[in-house]
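> Here's my sequence, what's the structure:
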Amino acid sequence: MSEHGAVKLVIQRFRTASLLIAPNETVQVDAGNSCGLLVYVSFSKAAETNKSAVFNAAKTVLNLSVLTKGVWGDGSGTASVVDLARELDSKSKGSVGESEGVPIVLVPQANLVSKVKNSGKSIQYHGQVAKSIGEELFQSFVRSVELIALEQQHIAREEEISEPLKKALIDLGGAPSDSPPSKNSGGGVDLQIHRCPLRKCLEIQPFTRAGMTQGFL
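As a prediction, the model looks like this:
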């Protein structure tokens with residue numbers, strides 16, 4: 001849960017994930033030799049006037065140290081999406097083809113904001129935002145995850161963070177991180193993004209070698 005209960009998250013790690021988004025429509029995600037993150041997100045009425053809470057929730061998703069390349073409890077330790085993506089990206093330098101990336105699947109799940117009463121005999125949803133507002137907040141959350149991942153990718157590669165990206169982060173309620181001096185300011189952006197139909201969920205693979213370049217705004 002984020003600031004003052006404005007955003008609620010349920011997070012799971014996965015090797016492979018299958019998400020049913022319609023009776024005949026399924027999204028399949030395979031993390032390969034890496035590990036992915038499945039995130040269910042919901043917004044309370046407190047999020048309507050707290051833009052920074054949505055941004056900070058997105059930052060939490062990328063920084064939370066819950067991923068592991070081994071089996072849970074085998075002593076291999078945990079890492080965040082950013083940490084694991086940096087490791088994979090560093091190992092892929094000089095190699096031919098695409099790096100693995102770290103898949104993230106974001107799913108809007110309104111009923112996370114609820115109140116169970118009478119020993120489970122009734123559930124109230126008075127704290128939920130209206131559907132139209134929830135859709136706007138979810139898109140802001142998705143955008144925040146995208147741009148924070150993109151910012152961290154530039155930092156990991158010692159590339160300069162552009163002014164449009166800094167402005168976009170501020171507009172979303174955040175603040176740009178300090179970036180090191182650029183060694184290759186003319187390089188393109190290698191953030192690969194896969195969207196499922198109806199934009200009900202989003203798979204993001206930061207720090208990959210293929211995908212969209214430039215034009216992220």
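
> OK, contacts around residue 169?
Contact analysis of residue 169 by Cβ atoms under 8 Å, 6 or more residues apart in numbering lists 55, 147-148, 151, 175-176. To be clear about C-beta, it is placed using only N, CA and C from the backbone, and glycine gets the same treatment.

> which among the residues you listed end up buried?
Among the contacts of residue 169, the ones that count as buried by 16 or more other Cβ atoms under 10 Å are 55, 147-148, 151, 176.

> Now render those as JSON lines, adding pLDDT, distance to residue 169 and secondary structure.
JSON lines is the format used below for the buried ones among the contacts of residue 169 (pLDDT from 0 to 100; distance: Cβ to Cβ, whole Å; DSSP: H, G, I helix; E, B strand; the rest coil):
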{"residue": "55", "pLDDT": "93", "distance to residue 169": "8", "secondary structure": "helix"}
{"residue": "147", "pLDDT": "89", "distance to residue 169": "6", "secondary structure": "helix"}
{"residue": "148", "pLDDT": "90", "distance to residue 169": "7", "secondary structure": "helix"}
{"residue": "151", "pLDDT": "87", "distance to residue 169": "7", "secondary structure": "helix"}
{"residue": "176", "pLDDT": "74", "distance to residue 169": "5", "secondary structure": "coil"}
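
> Adjacent strands (with direction) for the helix or strand residue 39 falls within?
Here residue 39 sits within strand 36-43, counting by DSSP states H and E. Strands that pair with strand 36-43, judged by DSSP bridges, come out as strand 7-14 (antiparallel), strand 104-108 (parallel).

> distance of the residue sitting nearest the centre point of the chain from residue 62?
Nearest to the mean C-alpha position of the chain, counting by Cα atoms, centre = their mean, stands residue 145 at 4.1 Å. According to Cβ to Cβ, to the nearest Å, residue 145 stands 7 Å off from residue 62.

> gap between the strand holding residue 39 and the chain center?
8 Å (Cα atoms, centre = their mean, to the nearest Å).

> cool, stretch 104-114 as well?
13 Å.

> cool, and stretch 140-151?
Distance, centroid of stretch 140-151 to centroid of chain: 7 Å (Cα atoms, centre = their mean).

> Tell me how many other residues surround the closest residue to residue 77 other than its chain neighbours.
Distances taken as Cβ to Cβ, 6 or more residues apart in numbering put residue 68 closest to residue 77, at 6.8 Å, once the chain neighbours are dropped. Look at residue 68: counted by other Cβ atoms under 10 Å, it has 17 neighbours.
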